[in-house]
Structure formats: structure tokens, C-alpha cells
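Enquirer: need coordinates for the below:
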Amino acid sequence: MEERLRALLRLALKYNATDIHFMIRYHEVTIEMRIDGLCHKVKGKFEDYKLIRYLQYLANLDIGNIMIPQTGQFEMEVDGTLLSLRFAMINEPNCSNGVLRILNSKLKVNADNLSALAYQNDYFKSLLQKTCGLVLFSGPTGSGKTTTLYSLLKDVKNKKIYTIEDPIEVYHDEFIQLNVNEAMNFSYAKGVQQILRHDPDIIMIGEIRDEKAARIAVEAANTGHLVLSTIHTSRASGCISRMKELGVNEDHLYENLLCLANQRMLTNRISGKKTVLYEIMDRQEIEYYRMHQRNSEPFNSLEKQIRKGIRDGIFESSAL
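Expert: Below you'll find the model as predicted:
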């Protein structure tokens, strides 16, 4: 099973897959890899059903409580590269589902090459000089939101950076990192409350998922801290709608928002390299949106940029 897992990881690395999905139903195994946001089936082998149990062992999951959703992390070396991996497991009466995510244990990008547009990189870096406010990055799963956050933060000097994540995806010696643990009643909200007692300069919240996390993010920004986080929306302006749905006071939200960004990771058809497109709403555009409630057309029209790139043969058609 160890060699079979390594073979799958080699394949995932070759095609820049972000996740490997396993589904076992009546000992029949379906394996898929998420590449550029889409799932592609992988030719399976008869003994692949054993991989689930092997991954449970590596991730230190409790096999005695298989009906409870569980997540664990482990590392594995593949052809000289040490990979940080997260395995999540959920079971149904007649089906087992597992997802193995390849985490960004070693970032290959920095704040100077996040975007192909130099002015966007300069803008992102300028945000890190702010002493307070809220910056939100949005986009679909696999679009690189967490990579964006860490790429920006890892070059920050002489500031205290705290992160609260579920789970920690990239370990960094210069950050103080906390891991959400719902079993121990340690949530995003409680994590940020603890962090605020340690005089942080910058707080990174891995993801805003619920009302408490949304509220505490705005409160932290409002009390003089720079807060960066991610949220699931399809466009930059959607971050505002989503935060309001989560019960955040609209006036407090607008007072603290510095930047909203929506991103998509695309593959260049010619070079095969990955690139990220950003739709950005700066403070001025956020105020304009507040006054006019413009919600029919995204700023910078990211969808149009992508579709034009596909038509012109720049990006792969799987981008949307």
C-alpha cells in the first residue's frame, strides 16, 4: 500500500492535482484527482480498497469510531520531496469517502509573483503596511486562497503574526499558529479571542465559515488589528453579501473592509504553467459599492477575463 500511495502521489504531482478522492462502495473503489478544479478518474487496482485503512493509519484516525467524520495529517517523502498531507474521512452505511489533500508545505510563490500583473502585487504588499482593517480573499476550492495568504505573510518583517486554522496547512517558523479543535471546544472565535490577548500585529483566520468567525474577524479589525481571511464566494462583491448573511453588522463591516479579492487558478495552454487571476475591490470600490449597491456586474469582470482567455487560446477550457 505504501508504494501504491506513492505512485498516486507521483501522478498527482505530475498533473498538479490538489486532492485525491477515494470512494469505496461494496469493495469497489473509485479514485479521482482534482485538477484545475475538476475531478478526473484514475485507473484503479483491485486492492485499492485497502488504501482507505492505510490512510486512516497514517493520519492517526480512530478506526473504532468510523461513523464519525475525522481528519488527520501526516508527511510522506516522494522522490526526495517531503509532502505534507491531510486526510479527511467520512462514512455512510454502504459507502466510505476519503479525501487526501496535498498541502503547500513549501511555497514556491511570494508576494512579488502572486499575480502576473505587477501593480496587483504591489497593491497586496501595500495592504500589509496597514495597522488595522479586514482583507478577504474568495474563490472556489483549489484556487489557491491559502497559498495567497501565506505568500503575502511570509515576507513580512518585524511584526507579530498569529494564525488560527482548521487545520494548519503550512507551518512557518516566524508565525504563531493555532489549530481549531472542535472536540476540545476550541473554535475560530475562541482562537481569535486568545490571540487578541497576545498583542498581535496581523491575524490570519484560515476561513470564515460561520457567524461567530465572521463577527470575531470584524471585531478584531475594529480593535486595531490587521485581519486576513478567506471566504467562499464566486466574486469579490459577494464577500459583502456573505458576511451580511452571517450576521455581521453592515456599518461595522464597511468601516473595516480594506480589500476584497476573488481569484481563480488557471493553466496556461502554451506553457502549462499555473497562473492566478484576481478581481480586486479596493477601499474606493468598496465605498462605491456601498453607495450604489452594484451587484449585477463584478468589478474587473473576472469571468469575462477568463472566458476571453479561453477563446484566445491562453487558458485551458477547464478554467470555468
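Enquirer: pLDDT weak spots in the chain?
Expert: For the chain, applying pLDDT under 70 flags the ranges 104-108, 294-301, 317-320.
Enquirer: domains of it?
Expert: For the chain, the structural domains run 2-103, 118-319, going by automatic domain parsing.
Enquirer: highest average neighbour count across the ones you listed?
Expert: Most buried of the domains of the chain, by mean neighbour count (mean count of other CB atoms under 10 Å): domain 118-319, with a mean of 18. The C-beta positions use only the backbone N, C-alpha and C, and glycine is treated the same way.
Enquirer: phi first, then psi, for residue 168.
Expert: As for residue 168, its main-chain torsions (degrees, to the nearest 10) stand at phi -70, psi 120.
Enquirer: quick one: it and residue 177 touch, right?
Expert: Yes. Contact criterion CB atoms under 8 Å: residue 168 and residue 177 qualify, at 5.1 Å.
Enquirer: hang on, the earlier thing: and of the domains of the chain, who's closest to residue 109?
Expert: Among these, domain 118-319 comes nearest to residue 109, with 4.8 Å by CB to CB.
Enquirer: helices of the protein, start to end?
Expert: 2-14, 49-58, 118-127, 145-153, 188-195, 211-222, 238-245, 250-256, 283-292, 302-311 (DSSP state H).
Enquirer: alpha carbons of the first one, as CSV, please.
Expert: This means helix 2-14. The C-alpha coordinates for helix 2-14 follow below in CSV (Å, rounded to 0.1, in the frame of the first residue of the first chain):
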residue,chain,number,x,y,z
GLU,A,2,2.9,2.4,0.7
GLU,A,3,4.2,2.0,-2.9
ARG,A,4,0.7,2.3,-4.4
LEU,A,5,0.1,5.6,-2.4
ARG,A,6,3.5,6.9,-3.6
ALA,A,7,2.5,6.1,-7.2
LEU,A,8,-0.7,8.0,-6.8
LEU,A,9,1.1,11.0,-5.3
ARG,A,10,3.6,11.0,-8.1
LEU,A,11,0.7,11.1,-10.6
ALA,A,12,-0.9,13.9,-8.6
LEU,A,13,2.3,16.0,-8.5
LYS,A,14,2.8,15.4,-12.3
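Enquirer: in CSV, list the helices of the chain along with distance to residue 65.
Expert: Converted to CSV, the helices of the chain look like this (distance: least, CB to CB, whole Å):
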stretch, distance to residue 65
helix 2-14, 23
helix 49-58, 11
helix 118-127, 43
helix 145-153, 28
helix 188-195, 24
helix 211-222, 26
helix 238-245, 33
helix 250-256, 39
helix 283-292, 45
helix 302-311, 43
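Enquirer: between those, which one is nearest to residue 270?
Expert: Judged by CB to CB, the one of the helices of the chain that comes nearest to residue 270 is helix 302-311, at 11.5 Å.
Enquirer: and the residue nearest to residue 124 when sequence neighbours are not counted, how far from residue 35?
Expert: If the residues on either side of it in the chain are set aside, residue 124 comes closest to residue 152, at 5.8 Å by CB to CB, 6 or more residues apart in numbering. Distance, residue 152 to residue 35, by CB to CB, to the nearest Å: 25 Å.
Enquirer: wait, the residue nearest to residue 124 sits on residue 113?
Expert: No. Taking contacts as CB under 8 Å, residue 152 lies outside contact range of residue 113: 11.6 Å.
Enquirer: overlap in contacts, these two.
Expert: Overlap of the contact sets of residue 152 and residue 113 (by CB atoms under 8 Å, 6 or more residues apart in numbering) is empty.
Enquirer: list the contacts of residue 256.
Expert: The contact partners of residue 256, taken as CB under 8 Å, 6+ apart, are 132, 133, 134, 218, 221, 222.
Enquirer: same question, residue 143
Expert: Going by CB under 8 Å, 6+ apart, residue 143 touches 37, 263, 264, 265, 276.
Enquirer: try it again at 6 Å.
Expert: Contacts for residue 143 (CB atoms under 6 Å, 6 or more residues apart in numbering) come out as 263, 264, 265.
Enquirer: on that earlier part again, what is the nearest of the contacts of residue 256 to residue 62?
Expert: Checking the contacts of residue 256 against residue 62 with CB to CB, the nearest one is residue 218 at 36.1 Å.
Enquirer: test my guess that the closest one contacts residue 247.
Expert: No. Contact between residue 218 and residue 247 fails when scored by CB atoms under 6 Å: they sit 10.3 Å apart.
Enquirer: could I get the full set of strands for the stretch 1-150 of the chain?
Expert: With DSSP state E, counting those that start in this stretch, the ranges of strands along the stretch 1-150 of the chain come out as 19-25, 28-35, 38-42, 70-78, 81-92, 95-103, 133-138.
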